[in-house]
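Enquirer: coords below, sequence missing:
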């Protein structure tokens, strides 16, 4: 989302967006780097590597569809986006696939 909004990703922006501390983001960034999901460019910006990009796209699809569904049910847009953030990480692939199929039939 940050990449789409700003064109770049900085650790400080991740911390602000998620409401966590900068050291927490630094710890997570280190782990993501070690596992090949991200790298840092010369300016210190976070760059998604192919495996990280794949996961990010999957999570963004979940977020957008869940927010759209909640808005369609009458939830205010801001609340729907916040709730979608909470749901998208814990929802099983099976449940999300069923939601996606249901949404496709009713679009």
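Expert: Right, received. Where do you want to start? Every value quoted in this text rests on a predicted model; they were computed, and no experiment measured them.

Enquirer: Could you find the closest non-adjacent residue to residue 85?
Expert: The shortest distance from residue 85 to any non-neighbouring residue, by CB to CB, 6 or more residues apart in numbering, is to residue 63 (6.5 Å). To be clear about C-beta, it is placed using only N, CA and C from the backbone, and glycine gets the same treatment.

Enquirer: For the one you found, report the pLDDT, please.
Expert: With respect to pLDDT, residue 63 scores 94.

Enquirer: Please list all residues in contact with it.
Expert: Contacts for residue 63 (CB atoms under 8 Å, 6 or more residues apart in numbering) come out as 1, 81, 84, 85, 88.

Enquirer: how deep is the second one tucked in, by neighbour count?
Expert: Right, the one you point to is residue 81. Residue 81 has 17 neighbours, counted by other CB atoms under 10 Å.

Enquirer: Look up how far residue 4 lies from it.
Expert: For residue 81, the distance to residue 4 equals 13 Å [CB to CB, to the nearest Å].

Enquirer: And the strands in this structure, which stretches?
Expert: Secondary structure of the chain by DSSP state E: the strands cover 38-40, 46-48.

Enquirer: closest to residue 16 out of these?
Expert: The closest of the strands of the chain to residue 16 is strand 46-48. By CB to CB, the value is 13.7 Å.

Enquirer: could you say what helices and strands that closest one packs with?
Expert: Contacts defined by 3 or more CB pairs under 8 Å, 6 or more residues apart in numbering; DSSP states H and E place strand 46-48 against strand 38-40.

Enquirer: Can you give the strand pairings for the strand it packs on, parallel or anti for each?
Expert: Sheet partners assigned to strand 38-40 using DSSP bridges are listed as strand 46-48 (antiparallel).
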